[in-house]
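A.B. asks: sequence and predicted structure below; questions after.
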Amino acid sequence: MGWASMNEDNESRFFNATIIRNEVDKKMNTPKNSPEKGSAITKLKAFAAPQARPLPVIILADVSGSMAENGKIEALNVAVKQMVESFAKESRLRADIQVGLITFGGRKADLHLPLISAHAVSEVEAFTAAGATPMGAAFALAKQLLEDKDRVPARAYRPVLVLVSDGAPTDDWENPLAALKGSERAQKVSRFAMAIGADADRELLAQFTNDVEAPVFEAHEAEDIRRFFRAVTMSVVARSSSPSPDQPLAIDVSEIPADDLDLDAI
């Protein structure tokens with residue numbers, strides 16, 4: 001037998017043997033990976049620490065020109081800064097509290113702080129009050145953020161949306177608010193609102209909220225803004241450490257005594 005003929009004969013035997021082996025595997029339903037390897041991977045997964053699920057908190061903050069009066073913008077800056085610092089100190093065993101800040105002032109709404117884990121926030125840039133009140137643009141941006149599945153994945157706990165304002169919108173807000181409330185994701189969000197001062201549009205703010213037990217919260221002075229955010233912080237922190245973080249908790253500002261606030265922070 002020549003070299004070429006011998007090779008052809010060997011290839012034919014190998015080919016036939018492979019076909020027979022595959023047929024046997026099919027009949028025996030033999031998995032390609034060995035049982036020992038699959039078992040080892042399963043055991044490793046059992047020892048892997050579970051990853052905390054995101055708990056998004058998104059603030060819609062009015063930074064229009066009127067917020068510059070009577071220390072409102074300063075109080076809001078302190079309240080938001082303290083809220084983020086408190087969230088950053090919390091355990092991430094079950095829930096990773098994430099914060100996003102949307103501001104509306106001047107002619108547009110801005111994503112002041114992208115939705116990121118609170119412990120990763122090194123500094124919150126202070127708000128500056130100026131211009132009109134484009135609240136409708138803020139509703140549209142909030143809807144866009146909630147529907148972004150990269151920022152708010154399906155495994156996230158029920159998000160919290162907080163709106164604070166001291167005035168009436170100066171842009172088209174009806175359609176953006178209807179679109180926000182009508183979106184599938186926003187319907188699963190806990191929405192709260194605070195009216196700051198006598199000029200706030202309370203009827204609109206009441207349309208924004210979706211908790212029948214949580215009316216529109218009132219801020220008659222700068223300290224009330226900080227008390228409200230302190231109550232929001234306590235509610236979110238309680239959720240993040242509870243056995244069921246997806247369960248919404250009420251916000252009760254009356255439980256926050258005035259002396260609970262750090263008056264030297266302003």
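C.D. replies: All right, it came through fine.

A.B. asks: list the contacts of residue 53.
C.D. replies: Residue 53 makes contact with 94-96, 155-157, 245, according to CB atoms under 8 Å, 6 or more residues apart in numbering. Bear in mind the C-beta positions are built from the backbone N, C-alpha and C, glycine included.

A.B. asks: so how far is residue 211 from it?
C.D. replies: Using CB to CB, to the nearest Å, residue 53 is found at 22 Å from residue 211.

A.B. asks: before we move on, the earlier item: just the buried members of the contacts of residue 53?
C.D. replies: Using 16 or more other CB atoms under 10 Å as the burial test, the contacts of residue 53 include 94-96, 156-157, 245 as buried.

A.B. asks: in helices, which of those residues appear?
C.D. replies: With helices defined by DSSP state H, no entry of the buried ones among the contacts of residue 53 lies inside them.

A.B. asks: among the residues you listed, which pair sits farthest apart?
C.D. replies: Spatial extent of the buried ones among the contacts of residue 53 (CB to CB) is set by the pair 94 and 156 at 12.5 Å.

A.B. asks: thinking again about what came up before, next, format the contacts of residue 53 as TSV and append pLDDT and distance to residue 169.
C.D. replies: Shown next, in TSV, are the contacts of residue 53 (pLDDT from 0 to 100; distance: CB to CB, whole Å):
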residue	pLDDT	distance to residue 169
94	82	37
95	90	33
96	94	33
155	93	34
156	94	28
157	93	30
245	82	33
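
A.B. asks: what's the closest of those to residue 172?
C.D. replies: Closest to residue 172 out of these is residue 156 (29.5 Å), distances taken as CB to CB.

A.B. asks: how close does the closest one sit to residue 98?
C.D. replies: 8 Å.

A.B. asks: shared neighbours of the two, anything?
C.D. replies: Common neighbours of residue 156 and residue 98, using CB under 8 Å, 6+ apart, are 54-56.

A.B. asks: ok, these vs residue 130, which is closest?
C.D. replies: Minimum distance to residue 130 across the shared contacts of residue 156 and residue 98 is 27.6 Å, recorded for residue 56 (CB to CB).

A.B. asks: show me what the closest one is bridged to.
C.D. replies: The partner list for residue 56 in beta bridges (DSSP bridges) reads residue 98.

A.B. asks: so residue 139: helix, strand or coil?
C.D. replies: Per DSSP: H, G, I helix; E, B strand; the rest coil, the local secondary structure of residue 139 is helix.

A.B. asks: let me see the contact set for residue 204.
C.D. replies: Residue 204 sits next to 135, 168-169, 173, 177 when contact means CB under 8 Å, 6+ apart.

A.B. asks: for the helix or strand hosting it, buried residues please.
C.D. replies: Here residue 204 sits within helix 202-208, counting by DSSP states H and E. By 16+ other CB under 10 Å, the buried positions in helix 202-208 come out as 202, 204-205, 207-208.

A.B. asks: please report how far residue 121 lies from residue 186.
C.D. replies: For residue 121, the distance to residue 186 - CB to CB - is 24 Å.

A.B. asks: cool, residue 253 as well?
C.D. replies: According to CB to CB, residue 253 stands 24 Å off from residue 186.

A.B. asks: repeat that for residue 229.
C.D. replies: Residue 229 sits 22 Å away from residue 186, going by CB to CB.
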